[in-house]
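Visitor: Give me the fold of what follows.
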Amino acid sequence: GLNFYAGQLPGPDRGALSVPGAESEKFRANVPVAIEFAKSLGCTTFNALYGNRVEGVDAAEQDALALENLAYAARAVGEAGGTLLIEALNAPESPKCPIVSAPKAIEIVDAVNAATGLDNARFLMDLYHLSMNGEDLDEVIDRYTAKTAHVQIADNPGRGAPGTGELDFEALLDRLKKAGYDGWIGLEYKPGDAPSAESFGWLPAELRAAK
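Guide: Sure thing, here's the model as predicted:
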């Protein structure tokens with residue numbers, strides 16, 4: 001997956017497409033650039049991070065702008081045979097972001113698909129964020145895998161590699177497979193103090209994309 005322009009990441013921003021003014025314009029300008037870049041990599045999934053609530057701007061105004069921008073991006077991605085991803089973040093770390101649950105992200109996915117008629121918007125299921133929100137991961141997998149096009153993982157607490165926290169990834173990934181998910185699993189965790197290569201020690205070599 002490839003992110004569209006999302007402001008300052010890592011940093012205070014959580015996206016740009018719902019933010020009126022220059023940030024929204026930067027998002028739209030970045031869409032064709034990101035798509036052309038992705039073509040050179042064979043990448044077909046694009047993450048469109050929503051953006052924080054802005055003081056002094058009505059939430060409904062931001063949501064209308066977001067839907068307009070997401071529909072624009074979905075149509076552009078569709079012309080390239082791609083998929084638009086909508087990710088739910090977590091409320092403790094992103095308190096100003098309005099998409100902090102799986103059901104809310106799915107609501108946005110459905111709204112974009114209804115607006116474009118293309119059915120190429122999908123859920124980016126980040127198990128770390130959903131766990132931080134206190135959501136039932138088994139229920140999320142069972143209910144929303146059919147609308148999911150990308151999965152990201154990190155353990156919780158700590159956002160480290162699997163095995164550093166409390167999540168049972170063997171069971172979770174098996175559940176995803178049984179629910180019909182056969183896409184990529186993105187490793188979006190902190191490597192810790194050891195050399196980065198050692199942070200892949202939990203993953204058997206035969207299960208790695210690069211062997």
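
Visitor: give me the element residue 78 is part of.
Guide: helix 59-79 (DSSP states H and E).

Visitor: Residues contacting that helix, please?
Guide: Residues outside helix 59-79 that contact it (C-beta atoms under 8 Å, 6 or more residues apart in numbering): 4, 17-20, 24, 27-28, 31-32, 35, 46, 48, 50-51, 53-54, 83-84, 86, 98, 108, 111-113, 115-116, 118, 120-121. C-beta: built from backbone N, CA, C; applies to glycine.

Visitor: One more pass at 6 Å, please.
Guide: Residues from elsewhere that reach helix 59-79 (C-beta atoms under 6 Å, 6 or more residues apart in numbering): 17-18, 27, 31, 46, 48, 50, 84, 111-112, 115-116, 118, 120-121.

Visitor: for stretch 160-169, same thing?
Guide: Counting by C-beta under 6 Å, 6+ apart, 155-158, 189-190, 192, 199, 202 sit against stretch 160-169.

Visitor: That one: how far from the chain's middle?
Guide: Put simply, stretch 160-169 sits 19 Å off its chain's centre (C-alpha atoms, centre = their mean, to the nearest Å).

Visitor: Same question for it: list its buried residues.
Guide: 160-162, 164-165, 167, 169 (16 or more other C-beta atoms under 10 Å).

Visitor: circling back: what subset of the contacts of stretch 160-169 is buried?
Guide: Buried members of the contacts of stretch 160-169, scored by 16+ other C-beta under 10 Å, are 155-156, 189, 199.

Visitor: Pull the most distant pair out of those residues.
Guide: Maximum pairwise distance in the buried ones among the contacts of stretch 160-169, criterion C-beta to C-beta, is 15.8 Å, between 156 and 199.

Visitor: Make a markdown table from the buried ones among the contacts of stretch 160-169 and add distance to residue 75, pLDDT and secondary structure to it.
Guide: Below are the buried ones among the contacts of stretch 160-169 laid out as a markdown table (distance: C-beta to C-beta, whole Å; pLDDT from 0 to 100; DSSP: H, G, I helix; E, B strand; the rest coil):
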| residue | distance to residue 75 | pLDDT | secondary structure |
| --- | --- | --- | --- |
| 155 | 37 | 98 | coil |
| 156 | 36 | 98 | coil |
| 189 | 33 | 95 | coil |
| 199 | 38 | 86 | helix |
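
Visitor: nearest to residue 39, of those?
Guide: Taking the buried ones among the contacts of stretch 160-169 together and measuring to residue 39 by C-beta to C-beta, the closest member is residue 189, at 28.2 Å.

Visitor: mind listing what's buried in stretch 25-33?
Guide: Result for stretch 25-33 [16+ other C-beta under 10 Å]: buried residues 26-28, 30-31.

Visitor: Same check on stretch 198-209?
Guide: Neighbour-count burial for stretch 198-209 [16+ other C-beta under 10 Å]: residue 199.

Visitor: Could I have the CA atoms of it written out in CSV?
Guide: The C-alpha trace of stretch 198-209 is given here as CSV (Å, rounded to 0.1, in the frame of the first residue of the first chain):
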residue,chain,number,x,y,z
GLU,A,198,16.3,-8.9,14.3
SER,A,199,12.7,-7.5,14.5
PHE,A,200,11.7,-10.1,11.9
GLY,A,201,12.9,-13.0,14.0
TRP,A,202,9.3,-13.9,15.0
LEU,A,203,8.4,-14.7,11.3
PRO,A,204,9.5,-18.1,9.9
ALA,A,205,11.5,-17.6,6.7
GLU,A,206,9.1,-19.7,4.6
LEU,A,207,6.3,-17.2,5.4
ARG,A,208,8.3,-14.1,4.3
ALA,A,209,7.7,-12.4,0.9
